[in-house]
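J.: Let's see this in three dimensions:
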Amino acid sequence: MKEKKTFELGLLPKLIIGVIAGILIGSFAPEVLMRGVITVIDIFSNYLNFVVPLIILAFVVTGISDLGNGSGKILGFSVFMSYGSTVLWGVIAYIISMLLFPKMLDLSGTSIVSEMGDIEPFFKIEMPPLANITSILILAFILGIGISILKAEKIKGLFNEFHGIINMVLEKSIIPFLPWYIAGIFAQLTFSGNIKEILKSYGTVFITVVLFQIIANILEYIIAKAYNKEAPNLAQFIKNQIPSWLTAIGTQSSAATIPITLQTAEANGTSKDIRDFFIPLSATIHFPGSSIAITMFATAVMLMDNMSPSIGSIAIFILLMGVTMVAAPGVPGGAIMAALGLLGAHLGFNDTQSTLMIALYLAQDSFGTACSVAGNCAIITIIDKKAKKLEVKNAKN
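T.: Numbering: from 1, shown residues only. Sure thing, here's the model as predicted:
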């Protein structure tokens, strides 16, 4: 007998239900119940802060060490293009945000996120991280590069298993609880009287982020087409992109779209050896959609909360974010989970602001993934042209 398939809600519907439930609880709950809710979310927040450095260590070490599996100049050029694209779109997203959001958002009031009222949890359970984010990043760089250069397969295998453990922690103890956590935060925001302004403001920001991601894809391919004249025109590219774009919308995972993206790259006329090499690689190192979303949402949160980080802090945040998202797990929200430590360390985000970032990011995760996948198909046309130029040069020599 065939087993009956059980219906299960996806993460996005659960998050929406969590937001609605949180608003309802915050609207009608007595103070004693809210203290219980705040106690639970405070414990989970401390647990999340403890796990974040482990996430960064696991993902960055395995991601960097895996980059040694390619070959020569094409690998270097591919990594440079992917990382450069992720960082560049983050920078552009910040500039666009600073130009648009002050005009679009009401910034005349006081902080609407960081001021959460005077309700305290019943008790606290402290879970200090094993190390700060900067130390973990430096350690991850040293280990990842060292493993790649020395071909330290035993240590690499150990970190691959560590990566699997952290993935399990995400899938079993963090991702499933996020809807409840976000429900608690929105209950707290509603109870403190801030929810109406937040929904009004961040709804506008959400639409702006999604529209900019689409524009970014179009601009990225126009640039790629200018470099590779043999690539299909923009209309054909968009037509070829639809299957992988829709797959990304449905799966919220760049890795899960690899088979369809390979077909899209083939339809765009990319060489087989290049697409077989670059598409799987780019699924783990190229995240323009996530870079755009995290940067724009973070900028909006800072503007709404009257925060003014220096340009240097923003620049360092974007540069490091491009690294921390390397080999982000194939689960929804992997990029924002990897970036949480940087939000606190370099932009001064508190737990409530970080939670709002999680909610905003996960709400757009489908579109961010689609943006990154479409970006992969744009950049590969540049990689393909570069490889052909190198072949011609090598043949002459």
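J.: how about E266, what does it touch?
T.: Going by C-beta atoms under 8 Å, 6 or more residues apart in numbering, E266 touches K272, R275. C-beta coordinates here come from the backbone N, C-alpha and C atoms, glycine included.
J.: Report the separation between it and K200.
T.: 45 Å (C-beta to C-beta, to the nearest Å).
J.: What is the burial count for F177?
T.: The burial count assigned to F177 is 16, neighbours taken as other C-beta atoms under 10 Å.
J.: Kindly indicate whether it is helix, strand or coil.
T.: Secondary structure, DSSP: H, G, I helix; E, B strand; the rest coil: F177 is helix.
J.: So for the helix or strand hosting G157, what gets flagged as buried?
T.: Here G157, judged by DSSP states H and E, is contained in helix 153-169. Neighbour-count burial for helix 153-169, with 16 or more other C-beta atoms under 10 Å as criterion, is recorded at K156, F159, H163, I166, N167, V169.
J.: again, but for stretch 220-232
T.: E220, Y221, A224, K225, N228, A231, P232.
J.: okay if I get those residues as TSV plus pLDDT?
T.: TSV is the format used below for the buried residues of stretch 220-232 (pLDDT from 0 to 100):
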residue	pLDDT
E220	91
Y221	92
A224	91
K225	90
N228	90
A231	88
P232	91
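J.: now, which of those sits nearest G289?
T.: E220 (10.9 Å; C-beta to C-beta).
J.: Model confidence at E3, what's the number?
T.: As predicted, E3 sits at a pLDDT of 51.
J.: so where is the stretch 151-300 of the chain shaky, pLDDT-wise?
T.: Applying pLDDT under 70 to the stretch 151-300 of the chain flags the ranges 194, 250-251, 255-256.
J.: Which residue ranges of it form helices?
T.: Using DSSP state H, counting those that start in this stretch, the helices assigned to the stretch 151-300 of the chain run over residues 153-169, 178-191, 195-227, 234-251, 258-267, 272-285, 288-304.
J.: Compare those helices and give me the one nearest P128.
T.: That would be helix 153-169 among the helices of the stretch 151-300 of the chain, by C-beta to C-beta, at 17.5 Å.
J.: who does the closest one touch, helix- and strand-wise?
T.: Packed against helix 153-169 by the contact rule (3 or more C-beta pairs under 8 Å, 6 or more residues apart in numbering; DSSP states H and E) you find helix 31-66, helix 133-150.
J.: Could you identify the helix or strand that succeeds the longest one?
T.: Using DSSP H and E, the helix or strand that follows helix 31-66 in sequence is helix 72-104.
J.: Ok, which of the helices of the stretch 151-300 of the chain comes nearest T86?
T.: Across the helices of the stretch 151-300 of the chain, closest to T86 is helix 288-304 (C-beta to C-beta), at 4.8 Å.
J.: can you state the direction angle for the closest one and helix 234-251?
T.: Orientation check (axes from the mean of the first three to the mean of the last three C-alpha atoms, to 10 degrees): helix 288-304 against helix 234-251 gives 70 degrees.
J.: relative orientation of helix 288-304 and helix 72-104 in degrees?
T.: With the same axes, to 10 degrees applied, the angle from helix 288-304 to helix 72-104 works out at 30 degrees.
J.: Any buried residues in helix 288-304, and which?
T.: Neighbour-count burial for helix 288-304 [16+ other C-beta under 10 Å]: 288-304.
J.: same thing with stretch 93-107?
T.: A93, Y94, I96, S97, L100, F101, L105.
J.: and the fourth one, what pLDDT?
T.: If you check S97, the pLDDT there is 93.
J.: ok so, going back, show me which of the buried residues of stretch 93-107 has the smallest pLDDT value.
T.: Taken together, the buried residues of stretch 93-107 show their lowest pLDDT at L105, with 82.
J.: Check whether that one really touches D305, as I assumed.
T.: No: using C-beta atoms under 8 Å, L105 is not in contact with D305, being 11.2 Å away.
J.: so who does the closest residue to A231 other than its chain neighbours touch?
T.: Nearest non-adjacent residue to A231, counting by C-beta to C-beta, 6 or more residues apart in numbering: T381, 4.3 Å away. By C-beta under 8 Å, 6+ apart, the contact list for T381 reads Y221, A224, K225, Y227, N228, A231, N268, T270.
J.: Nearest to S65 among those residues?
T.: Checking the contacts of T381 against S65 with C-beta to C-beta, the nearest one is T270 at 26.5 Å.
J.: Which residues are in contact with the closest one?
T.: Counting by C-beta under 8 Å, 6+ apart, T270 has contacts I380, T381, D384.
J.: Return the subset of those residues lying in strands.
T.: Among these, none falls in strands (DSSP state E).
J.: which helix is the longest one in this protein?
T.: helix 351-396 (DSSP state H).
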